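Engineer: Predicted structure and sequence below. I'll ask about it afterward.
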Number of protein chains: 2
Amino acid sequence: MSAAESAVETIQREMTIFARRARASAGRMHPELSLVSYTLLGHLEERDGCRATDLAAHYALDKSTVSRQVAALERAALIERRLDPEDHRVQVLHLTEAGREILAQVTRSRRAAFRERLAEWPEEDLVRFAAYLERYNAGPAGADTE
Amino acid sequence: MSAAESAVETIQREMTIFARRARASAGRMHPELSLVSYTLLGHLEERDGCRATDLAAHYALDKSTVSRQVAALERAALIERRLDPEDHRVQVLHLTEAGREILAQVTRSRRAAFRERLAEWPEEDLVRFAAYLERYNAGPAGADTE
DNA sequence: ACTTCAAGTTGTACTATACAACTAGAAACC
DNA sequence: GGTTTCTAGTTGTATAGTACAACTTGAAGT
């Protein structure tokens, strides 16, 4: 096997290990916000509000799944729905103040965990690793991970 | 924010994206073998058989979860249980021929997907990316992802 | 106006998971 | 050697996340 092939094997194996671990650990670290809820809230913050359908499309989730997630987040008062006056089918989702706070808090705590895990890494390696991950994820959707 | 800090942010974000995508896509690609079943079979192949308890410990899963996964894999005739003659509480799990085949087939197909996604990468980058991932995953357990 | 399309909700089902209670066997300790 | 304690695994129960299908409501096109 060439060096490239063997590297691909390793990447596959390590990405699999990471994926397998991530959800469970996210749930353990932040019982109040699952990985999915976290990313949904993050998306709302980034876009400053959007529709449930947009979330479903962006994360390749069924609209029923998003509907229930949104309902739960609203119940927890982390988001609110605003009826679009232009189109009464549409509810634009927005973070509430509480949602913003929880999101910031979880982000801080996740960041701390990553920092700790990467504490010993030289800056040069961090920058390269980050670039590789971006490049990997930006690759053609559907190949394996979308 | 320093270059290192911003790289950590990116790593966190991209790892999260990857983790969120991975399970669902694995399920879509291989309905016959979930990501968890796949890793369990892989472990059995690598170790040439082991106990359910070992699987639970290694993957930080509850023994009840493993018990049900194992039951399903046995029902599908992908693994078999052999009673340990030394200790009648113990069942040593082994891949069956069918299990070996399915595992090989899914591995091939996953490998093809990764290869395609990484096809344009220079060998040097593949090797470095693989090393970074190994280093990341080998880090202290529990920080974030175990 | 009628049809078709789009946004969301709800019913139903399945998978993965954990925790707790249990059974069966092994080991340890007087 | 019998009692207690530990270990391996199963089963009951509950929860989260997910998908698909059927439905409701509103918008748009013909």
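Structural biologist: Looks like it arrived, so ask away.

Engineer: Give me the contact status of the longest helix anywhere in chain A with DNA strand C.
Structural biologist: Secondary structure of chain A per DSSP state H: the longest helix is helix A:3-29. Yes - under the criterion of CB under 7 Å from any atom of the strand, DNA strand C is reached by helix A:3-29 at A:20, A:24. Glycine gets a C-beta too; all of them are placed from N, C-alpha and C.

Engineer: which helices and strands does that helix pack with?
Structural biologist: Under the contact criterion of 3 or more CB pairs under 8 Å, 6 or more residues apart in numbering or on different chains; DSSP states H and E, helix A:3-29 touches helix A:35-47, helix A:97-117, helix B:3-29, helix B:35-47, helix B:97-117, helix B:123-138.

Engineer: what about the residue lying closest to A:V36 once chain neighbours are set aside, helix or strand, and which?
Structural biologist: Computed as CB to CB, 6 or more residues apart in numbering or on different chains, the closest residue to A:V36 that is not its neighbour in sequence is A:Q69, at 6.4 Å. Assigning secondary structure by DSSP states H and E places A:Q69 in helix A:63-75.

Engineer: pLDDT value on the residue in chain A that DNA strand D sits nearest to, please?
Structural biologist: Here chain A gets closest to DNA strand D at one residue, A:S34, 2.6 Å apart by CB to the nearest atom of the strand. A:S34 is assigned a predicted lDDT (pLDDT) of 86.

Engineer: Torsion angles phi and psi at it?
Structural biologist: Backbone torsions for A:S34, taken as degrees, to the nearest 10, come to phi -70, psi 170.

Engineer: hang on, the earlier thing: residues in contact with the helix holding A:Q69?
Structural biologist: Helix A:63-75 has contacts (CB atoms under 8 Å, 6 or more residues apart in numbering or on different chains) with A:36-37, A:40-41, A:52-53, A:55-56, A:59, A:61, A:79-81, A:93, A:99.
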